[in-house]
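Participant: Task: produce atomic coordinates for the following.
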Amino acid sequence: MKREKYTPTFLTGTEENISVNVEPWKPWPKTRRTVIACLRTIKDVLFRIGDDWYFLFALGVIMAMISFAMDFTVYKALDAHRWLFQELGDNVLLKYLAWTVYPVAFVSFSTGFAQSISPFSAGSGVPELKVILTGVVLEEYLTIKTFGAKVVGMTCTLAGGSIIFLGKVGPFVHISCLVAAYLGRMRTSVTGEYMNNRKRYEMLVAAAAVAVASVFGAPISGVLFSIEVMTTNFAVKDYWRGFFAATCGAFMFRLLAVFNSETETIIALFKTAFKVDFPFDIPEMIFYGILGIICGFVSCAYLFCQRWLLGYIRRNRFTAKLLATDKVMYSALIAFLLASITFPLGLGQFMGSRLTMKEHLISLFDNKQWVLISQNSTIIRPDAVDPQNLWLEWWNPTFTFLGTLFFFVVMKFWMLILATTMPMPAGYFMPVLIYGAGIGRLVGEFLSYVFPNGIMTNGISCTIIPGGYALAGAAAFSGAVTHSLATALLVFEATGQFAHALPVIIATLVANAISQRLQPSFYDGTIIVKKLPFLPQISSACTDAFKVTTEQFMKTGIISLTKSADYTEVLNAVISSNESEYPVVDSKDSMILLGSVKRSVLIRFLHTHSQDQAVEAKDSVNNLSGDLSQDCDIDEITFQLSTQTSLHQAHSMFELLKLHLIYVTRAGKVEGLVTRNELRKAIEDLAAGKLTPLSK
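Facilitator: Numbers count the residues shown, from 1 in each chain. Sure thing, here's the model as predicted:
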């Protein structure tokens, strides 16, 4: 006889229900309730002025601390490399090995670590963030793994020094946006407020401003630069978020330098000592304009060559295979080549290769006239870098100052382009800033050589200041490469030098006018090469964009569902296409647009309704379980396009509203749809002359 298992009646609940307090007992209940009430009161009082202030302040402080810690680590690594190179004495072979192996090791580790943890951490990160800010979802670029890989990888990249000639602005913008994304999630959990796309957009733009401010200590230009580079449309009412967070970041970054005894007080990062009585004369405006023209055309050549090389290494069989199988080896080979060229006892002695990235910029902004000093006195180059006389690193008795500056400009042009192909976290703004300063310094020294006594105006001689031309060259070239005018203000804030405001702005405007006319920006070019889903801008000179209508480029023949669609109709629609959503119409005859339904909702509908139920729904009048309108959430259509809507209007709607898809109707009837792909192809075809307005 089988023995039955006994079950207590209070577990089955058949005879009586016994309530059991599952919450464990906690001591001092009144005290706990009082403390919780006090905390809630404090939270209500603090958040009464707005919770954004606290999270923006936290963003600024966190990024300043990360920037300072990164700079401190990199400084120690570069100091160790310089000490090792100096202590090896006269042994050329050991010095060569120390000079080359050190950066190769850091670059290899940076590439390997970044690729193993998160391949999305490679590169600058700014192009991807531009795409994210347009409404495209790229979640892989905003994960905690990408944050860790970016921080560690970028620190190792910077430890390679000026040998690799890369910076940290771009990756730091990416890191700041990662921190802002997680602070946004924390804000949602604390306040319980829903983090909509608009709020997320504002936090990411503010994060970009904080990044620039935490690198250069420049809050005003940081905000303007982030808006120019990162966004296409920006609400003025959101300015305060960027300025507040950037000011907190810049102040904390410079304050940490004071605490670390790097400076006595808060000063500009690249402090200059130009005379302010007569920094320039009116005739010099012509030379500053010529400098802007030079920077504009050189930037166009740089952008074209950089974009071509990025595409070539993807097409070339050898480099494509190497990048696919062994990215570490590719980075190591490039780093070894660059280190060999910059070896101080070889070609490096003509490029100031012993200087760090920061020392490069400080030396080029020097207020002395190097050419005139070399003509009137004997110059001896020290065995080690002299922090008080960094300009001596540019001296060579064979080449002279003009020769070393020209050699630096020529060599760094292709070396920088080659360095941008390495698949590791790296920034490209600081190198172009230094390169532009080199161009400006070369022009300034040449003018001081041609006019040793200065330019005479009304009997008054105005001395040429080559450092002022370096300032203008840095702003003009970096602005032309990034298509930004905020670089002019950036060099003012970073150097504390506002005396050259007018000529610097003129050079920047001229360079930008040439670059924007002939080439896409550095970040837009990277988007093009990587084929990221980004909407190109319509040229202001293209008036046909106002005449081309949506019926010329919309996608037709789309599959629609009626509001009474059954299992079979839904199944056929899902199988026959892979659209992300489908229009819902009143009937196949009228085709009046009622709404849309997402593909995921339809798949869930198919899972919950069998074909047998669909058959029964046909046989039974009362069985409506297979009806689409009753069992699925149909989204209402907020925005529609008319068949006569112009390409320019459609482009503006997609940009302003961050749309991915919009339906085209005629008198309420569905005619087609427009996605980012159709819009991008229409703009490209219009620029290529393949799309023209219909003749009336």
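
Participant: Any figure for the gap between residue 61 and residue 419?
Facilitator: 32 Å (Cβ to Cβ, to the nearest Å). Bear in mind the C-beta positions are built from the backbone N, C-alpha and C, glycine included.

Participant: more crowded one of those two?
Facilitator: Counted by other Cβ atoms under 10 Å, residue 61 and residue 419 do not tie: residue 419 has more neighbours, with 24 against 18.

Participant: gap between that one and residue 660?
Facilitator: Shown here: residue 419 relative to residue 660, a distance of 36 Å by Cβ to Cβ.

Participant: same deal with residue 181?
Facilitator: Distance of residue 181 to residue 660, given as Cβ to Cβ: 20 Å.

Participant: So these two - more neighbours on which side?
Facilitator: residue 181 (22 against 16).

Participant: And for residue 586, the neighbour number?
Facilitator: 15.

Participant: residue ranges for the helices of the stretch 501-650 of the chain, please.
Facilitator: Assigned by DSSP state H, counting those that start in this stretch, the helices in the stretch 501-650 of the chain fall at 501-518, 522-530, 567-576, 599-608, 611-619, 628-631, 647-657.

Participant: Show me the least confident stretch of these, going by mean pLDDT.
Facilitator: Ranked by mean pLDDT, those bottom out at helix 611-619, with a mean of 51.

Participant: buried sites along the top helix by length along the chain?
Facilitator: The longest helix of the chain (DSSP state H) is helix 52-87. For helix 52-87, the neighbour count (16 or more other Cβ atoms under 10 Å) marks 52-53, 55-64, 66-68, 70-71, 74-75, 77-78, 81, 85 as buried.

Participant: ok now that helix, how far from the chain's centre?
Facilitator: On the basis of Cα atoms, centre = their mean, to the nearest Å, helix 52-87 is displaced by 19 Å from the centre of the chain it belongs to.

Participant: Following that helix in sequence, what is the next regular element?
Facilitator: helix 92-117 (DSSP states H and E).

Participant: Pull the distance from that following helix to the chain's centre.
Facilitator: 26 Å.

Participant: can you dump the C-alpha coordinates of the host helix or strand of residue 371 into CSV?
Facilitator: For residue 371, the host element (DSSP H and E) is helix 370-376. Extracted in CSV, the C-alpha atoms of helix 370-376 (Å, rounded to 0.1, in the frame of the first residue of the first chain):
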residue,chain,number,x,y,z
TRP,A,370,64.4,82.7,-32.1
VAL,A,371,65.9,83.6,-35.5
LEU,A,372,67.1,87.0,-34.4
ILE,A,373,68.6,85.5,-31.2
SER,A,374,70.5,82.9,-33.2
GLN,A,375,71.9,85.6,-35.5
ASN,A,376,73.1,87.8,-32.6
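
Participant: For the helix or strand following it, output the C-alpha coordinates as CSV.
Facilitator: Following helix 370-376 in sequence order, the next helix or strand is helix 400-419 (DSSP H and E). Provided in CSV are the C-alpha atoms of helix 400-419 (Å, rounded to 0.1, in the frame of the first residue of the first chain):
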residue,chain,number,x,y,z
THR,A,400,68.7,76.7,-37.9
PHE,A,401,65.3,77.4,-36.4
LEU,A,402,63.5,77.9,-39.7
GLY,A,403,64.8,74.6,-40.9
THR,A,404,63.8,72.6,-37.8
LEU,A,405,60.3,74.2,-37.9
PHE,A,406,59.8,73.4,-41.6
PHE,A,407,61.1,69.8,-41.1
PHE,A,408,58.7,69.5,-38.1
VAL,A,409,55.7,70.6,-40.2
VAL,A,410,56.6,68.3,-43.1
MET,A,411,57.3,65.2,-41.1
LYS,A,412,54.5,65.5,-38.6
PHE,A,413,52.0,65.9,-41.4
TRP,A,414,52.2,62.3,-42.5
MET,A,415,53.3,60.9,-39.1
LEU,A,416,50.1,62.2,-37.5
ILE,A,417,48.0,60.8,-40.3
LEU,A,418,49.6,57.4,-39.9
ALA,A,419,49.2,57.5,-36.1
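
Participant: right, and residue 143 touches residue 121 too?
Facilitator: No. Counting by Cβ atoms under 8 Å, residue 143 stays clear of residue 121, with 9.5 Å between them.

Participant: out of the two, which sits in the more crowded spot?
Facilitator: Per other Cβ under 10 Å, whichever of residue 143 and residue 121 has more neighbours is residue 121, with 31 against 16.

Participant: any idea how far the nearest residue to the more buried one once chain neighbours are set aside lies from residue 519?
Facilitator: Sequence neighbours aside, residue 149 is the residue nearest to residue 121 in space, at 3.9 Å (criterion: Cβ to Cβ, 6 or more residues apart in numbering). Noted for residue 149: a distance of 31 Å to residue 519, by Cβ to Cβ.

Participant: And for residue 53?
Facilitator: The gap separating residue 53 from residue 519 is 41 Å, by Cβ to Cβ.

Participant: what does residue 169 give?
Facilitator: In terms of Cβ to Cβ, residue 169 sits 20 Å off from residue 519.

Participant: What of residue 387?
Facilitator: Distance, residue 387 to residue 519, by Cβ to Cβ: 38 Å.

Participant: ok, those two, which is more surrounded?
Facilitator: Under the criterion of other Cβ under 10 Å, the comparison of residue 387 against residue 519 puts residue 519 first, with 22 against 8.

Participant: Contact partners for the more buried one?
Facilitator: For residue 519, the contacting residues are 299-300, 303-304, 525, by Cβ atoms under 8 Å, 6 or more residues apart in numbering.

Participant: 10 Å instead, please
Facilitator: Taking Cβ atoms under 10 Å, 6 or more residues apart in numbering, we find residue 519 in contact with 296, 299-304, 306-307, 480-481, 483, 525.

Participant: now stretch 430-450: how far from the chain's centre is it?
Facilitator: Centroid separation for stretch 430-450 versus its chain: 27 Å, with Cα atoms, centre = their mean.

Participant: Would you mind identifying the helix or strand in the chain with the lowest mean pLDDT?
Facilitator: Using mean pLDDT, DSSP states H and E, the weakest-scoring helix or strand in the chain turns out to be helix 9-12, at a mean of 42.

Participant: And the next helix or strand past that helix?
Facilitator: Once helix 9-12 ends, the next helix or strand along the chain (criterion: DSSP H and E) is helix 29-46.

Participant: mean confidence for that next one?
Facilitator: Mean predicted confidence for helix 29-46 is 72.

Participant: Tell me the helices and strands packed up against it.
Facilitator: Under the contact definition 3 or more Cβ pairs under 10 Å, 6 or more residues apart in numbering; DSSP states H and E, helix 29-46 sits against no other helix or strand.

Participant: so how far is that helix from its chain's centroid?
Facilitator: The answer for helix 29-46 is 42 Å, by Cα atoms, centre = their mean.

Participant: Once you drop chain neighbours, what's closest to residue 132?
Facilitator: Distances taken as Cβ to Cβ, 6+ apart put residue 138 closest to residue 132, at 5.3 Å, once the chain neighbours are dropped.

Participant: Looking at that neighbour now. What's its pLDDT?
Facilitator: Looking at residue 138, the pLDDT reads 79.
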